[in-house]
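Chemist: Turn this into a structure:
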Amino acid sequence: MIYRLDELNENRINPITNYKYDNSWMILALTDSRDYKQMCGRNFGCAYTIKVSRLTQKNWEISVGDFISFCKANNKNAILVMSETDLNIAKEHYGCHKYNDAFLREEEPPIFVHSTSLESWEQIQRDKMLKSWNILKKSGTIPEEKPIGTRLGDPVDFSDYIMFGSGITGEIIVNSKQRGKIIMEENAEYLTGARLYFDAKKIAEDGLLVRDGCHLKVKDTLPLIPYFIWAATWDTIGLTSRTSTPKFFAEQAEKEFKIFMEKQSGSKL
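Modeler: Numbers count the residues shown, from 1 in each chain. Down below sits the predicted model:
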């Protein structure tokens, strides 16, 4: 079920049930912050919350619509924190869209990036596909008891998905996995892994792309063929050592990927 509230205090008590939140609940709050476009996490024992700023997030209505569509399709309990007027505006703007629209939207990136450890990249090449954390865990491929995202309050079902990111986000996650705790420092040294580039348009057109109002992801598995384009590792981007920082590795990988794509197309991008 999806509920709407004008406001919500972030604490352990669910105002809908008057009990503590369980893992079935998600929240999307529309804000007027200028500090972010979107941010997500879990604070003060509250449910996992996506905050969307209508002042800085272009097409915030689409984020709201995707959240609603995703929650309805997956039978999730959800709370929308916004006025009824804003909710009606979002619904009208969203129109006939769906959380799994089989096309790439104008505001979505043409390339998806997924970062992983070098050891996991070797396993991915053997499997010829990416697999979600839950599938890897069931097969005994990974030793950790919980994914690193649980430290940020990620819902349990996040582990059913392969997540895509941008910028240094993926490298932050790789570093955090190595350290066993969340490390947000972009200039912290770590052992670089593999930064994998995928054709977002093909993924969307084949009906694999899932949107939840904040993340772009694929459920369960993603074959390398025909979606994989290129992998950036320390040696393929010209580093002299595997040791680097999330910021430097991501920036160098982006430069080399651009060069790779220019060579493929025969012209400058």
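Chemist: count of neighbours near the nearest residue to residue 98 once chain neighbours are set aside?
Modeler: Nearest residue to residue 98, sequence neighbours excluded (CB to CB, 6 or more residues apart in numbering): residue 69, at 5.4 Å. C-beta: built from backbone N, CA, C; applies to glycine. Using other CB atoms under 10 Å, the number of residues around residue 69 comes to 19.
Chemist: Excluding chain neighbours, what is closest to residue 135?
Modeler: residue 220 (6.1 Å).
Chemist: swap that for residue 130, please
Modeler: residue 222 (4.5 Å).
Chemist: what's the distance between the spatially most central residue of the chain and residue 135?
Modeler: Computing the C-alpha centroid of the chain and ranking residues by CA atoms, centre = their mean puts residue 215 first, at 3.9 Å. Separation of residue 215 from residue 135 (CB to CB, to the nearest Å): 18 Å.
Chemist: Next: residue 72.
Modeler: 25 Å.
Chemist: same thing with residue 62?
Modeler: Separation of residue 62 from residue 135 (CB to CB): 29 Å.
Chemist: More neighbours: which of these two?
Modeler: Higher neighbour count among residue 62 and residue 135: residue 62, with 21 against 17, using other CB under 10 Å.
Chemist: Figure out the helix or strand that the more buried one lives in.
Modeler: Assessed by DSSP states H and E, residue 62 sits inside helix 60-73.
Chemist: Could you write out the alpha-carbon coordinates of that helix in CSV?
Modeler: What follows is helix 60-73 as a C-alpha-only set of coordinates in CSV (Å, rounded to 0.1, in the frame of the first residue of the first chain):
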residue,chain,number,x,y,z
TRP,A,60,11.3,15.6,-9.9
GLU,A,61,7.9,14.5,-10.9
ILE,A,62,9.4,11.5,-12.8
SER,A,63,11.3,10.4,-9.7
VAL,A,64,8.0,10.5,-7.7
GLY,A,65,6.2,8.6,-10.4
ASP,A,66,8.9,5.9,-10.7
PHE,A,67,8.8,5.4,-7.0
ILE,A,68,5.1,4.9,-7.0
SER,A,69,5.2,2.6,-10.0
PHE,A,70,8.0,0.5,-8.6
CYS,A,71,6.4,0.1,-5.2
LYS,A,72,3.0,-0.9,-6.7
ALA,A,73,4.6,-3.4,-9.0
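Chemist: tell me which residues in that helix are buried?
Modeler: Buried residues in helix 60-73, counted by 16 or more other CB atoms under 10 Å: 60-71.
Chemist: Next: stretch 188-204.
Modeler: 190, 192-201, 203-204.
Chemist: so residue 58 makes contact with residue 107?
Modeler: Yes: Residue 58 sits in contact with residue 107 when judged by CB atoms under 8 Å, with a separation of 6.6 Å.
Chemist: measure residue 2 to residue 21 for me?
Modeler: As judged by CB to CB, residue 2 and residue 21 stand 15 Å apart.
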